[in-house]
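Asks: I need the structure of the sequence given here:
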Amino acid sequence: AAWLHVCSCKFVINLIRKDYVYESCSTRTTPRSTMRLGTSSSGILLLSYARGAAAFSSTRRWASSSAAASEPVAVIPRAAVSVVARCECAKDDVRYALVQRGKEPNKGIWSFAGGKIESGESSMTAARRELWEETRLGSPPGDDGTAESVDATISWHTEGPVTSSDSIHIDDGLVRWHYVISQYFATIEPVQSANKSVLEPPKMIPSDDAADADFFSLADIEKGIGKGWITPGVLRVIRRVEAMHAACLLECK
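Replies: Modelled structure (predicted):
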């Protein structure tokens, strides 16, 4: 085991004990911050962290270079975005765009379009990109007009995310994925139906890691959650958005 005393400055730790490697980077800590590394009897790396008087510790599992390929490793939370795209076809006909996940996590389950934020990318830009990548609504960043896109009018709430949530997936007692998701809001203008008798949402084109894409009413979403094919967190986000929309707090442009 090794004790590392960290001062209030930027630091990078690359500590090797036996055949284990632990790396950490920080831009600010408090005085007398300490980390402790060691191994358990089962060969699992243990990490303890203490900061001043308010000390705490946690145990994480890290794979060693000699461990089997299936040895679990600690998962660091990733920043992600999703898009709450609302289409009001009539006063009593409001629908939301959802996509069916084509990959894990939640493969086959329906949820908002979204994904990971890329390095150096703003969350707003990531939201626009992810919506286009998975539904072809809107356009990709830097598009010169040649990218494939659905013929639809989209307006965005650009003052930041409307809410946020965690997506944590645990299997066999271990965290497999952990995303911290910022939800952005957009409105989609309805289009004329084929016989021009009613307004309906535009037809999306499922792309990238979306296996399918469609618009659902709130009643359909509640039924889908009850049957297990729509992510339960979708309903909480939509109810929050509807309350904000009714209070005129979601100006879009």
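
Asks: What is the biggest strand by length in the chain packed up against?
Replies: Assignment by DSSP state E gives strand 174-188 as the longest strand of the chain. Applying 3 or more CB pairs under 8 Å, 6 or more residues apart in numbering; DSSP states H and E, we find strand 174-188 packed against strand 78-90, strand 113-116, helix 123-135, strand 154-156, strand 163-171. C-beta coordinates here come from the backbone N, C-alpha and C atoms, glycine included.

Asks: Distance from the chain centre to it, please.
Replies: Relative to its chain's centre, strand 174-188 lies at 2 Å (CA atoms, centre = their mean, to the nearest Å).

Asks: swap in stretch 145-155?
Replies: 23 Å.

Asks: Pull up the distance across it, start to finish.
Replies: 18 Å (CA to CA, to the nearest Å).

Asks: Shouldn't Arg240 be within a helix?
Replies: Yes. Under DSSP: H, G, I helix; E, B strand; the rest coil, Arg240 sits within a helix.

Asks: Wait, it touches Val162, no?
Replies: Yes. With contact defined as CB atoms under 8 Å, Arg240 reaches Val162; the gap is 6.9 Å.

Asks: Among these two, which residue is more densely surrounded?
Replies: A side-by-side neighbour count of Arg240 and Val162, using other CB atoms under 10 Å, places Val162 first with 18 against 14.

Asks: Can you lay out the helices and strands packed on strand 174-188 as TSV showing mean neighbour count and mean pLDDT?
Replies: Listed next are the helices and strands packed on strand 174-188 as TSV, based on neighbours: other CB atoms under 10 Å; pLDDT from 0 to 100:
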stretch	mean neighbour count	mean pLDDT
strand 78-90	21	97
strand 113-116	22	96
helix 123-135	23	97
strand 154-156	18	97
strand 163-171	14	91
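
Asks: Out of those, which gets nearest to His245?
Replies: His245 lies closest to strand 78-90 among the helices and strands packed on strand 174-188, at 7.3 Å (CB to CB).

Asks: can I have that closest one written out in PDB, keeping just the CAs?
Replies: Provided in PDB are the C-alpha atoms of strand 78-90 (Å, rounded to 0.1, in the frame of the first residue of the first chain):
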ATOM      1  CA  ARG A  78     -19.700   9.800 -18.400                       C
ATOM      2  CA  ALA A  79     -21.500  13.000 -19.400                       C
ATOM      3  CA  ALA A  80     -24.300  12.500 -21.900                       C
ATOM      4  CA  VAL A  81     -27.400  14.300 -23.300                       C
ATOM      5  CA  SER A  82     -30.800  13.400 -24.400                       C
ATOM      6  CA  VAL A  83     -33.500  15.400 -26.300                       C
ATOM      7  CA  VAL A  84     -37.100  15.800 -25.200                       C
ATOM      8  CA  ALA A  85     -38.600  16.500 -28.600                       C
ATOM      9  CA  ARG A  86     -42.300  17.600 -28.400                       C
ATOM     10  CA  CYS A  87     -44.700  17.700 -31.300                       C
ATOM     11  CA  GLU A  88     -48.200  19.300 -30.700                       C
ATOM     12  CA  CYS A  89     -50.500  18.200 -33.500                       C
ATOM     13  CA  ALA A  90     -53.600  19.500 -31.700                       C
END
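
Asks: before we move on, the earlier item: quick one, the longest strand of the chain and helix 123-135 angle?
Replies: 90 degrees (axes from the mean of the first three to the mean of the last three CA atoms, to 10 degrees).

Asks: tell me the mean pLDDT over strand 174-188?
Replies: In this model, strand 174-188 carries a mean pLDDT of 95.

Asks: Show me what secondary structure element comes after it.
Replies: Toward the C-terminus, strand 174-188 is succeeded by strand 191-192 as the next helix or strand (DSSP states H and E).

Asks: nearest residue to Val241 other than its sequence neighbours?
Replies: Val84 (5.3 Å; CB to CB, 6 or more residues apart in numbering).

Asks: Check Arg236 too.
Replies: Ser165 is the one closest to Arg236 (CB to CB, 6+ apart), at 7.8 Å.
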